[in-house]
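generate coordinates for the sequence data below:
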Amino acid sequence: MAALLWLLIPLAAGVAASVWGGWAVRRRTAPPDAAGVAGYERFRAAMERTHGAECVAPAASTPRLPAGAGGVPDGRAREAR
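Down below sits the predicted model:
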């Protein structure tokens, strides 16, 4: 009888694992598409406001130097110009 009692432990663990597995893979409700699109539009608008004219790409003929390769070392030197 004691051996049967010991078999209940793995059986209970298996049942608990099955319940948890079913709960973990359940289908969650997704937000409606309209709400997701509206959120994306708000994000894009915020990014355009934040980085409007400041993020202008350099001309193709302008060589790009790696940081610290004879360029301006930091922001204070740029402001001093």
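
quick one, helices of this protein?
Along the chain, the segments classed as helices by DSSP state H run 2-24, 33-50, 75-80.

how about those helices in TSV, adding mean neighbour count and mean pLDDT?
Glycine gets a C-beta too; all of them are placed from N, C-alpha and C. Formatted as TSV, the helices of the chain follow (neighbours: other CB atoms under 10 Å; pLDDT from 0 to 100):
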stretch	mean neighbour count	mean pLDDT
helix 2-24	9	94
helix 33-50	10	87
helix 75-80	8	56
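
number of nearby residues for Arg28?
For Arg28, the neighbour count with other CB atoms under 10 Å is 5.

er, Arg27 actually
5.

start the count at 51 instead of 1 going forward.
Sounds good: first residue 51 from here, last item Arg77.

quick check on it: phi, psi?
phi -80, psi 120 (degrees, to the nearest 10).

look up how far Ala67 lies from it.
As judged by CB to CB, to the nearest Å, Arg77 and Ala67 stand 20 Å apart.

do the same with Gly89
According to CB to CB, Gly89 and Ala67 sit 36 Å apart.

alright, that wraps it up for me.
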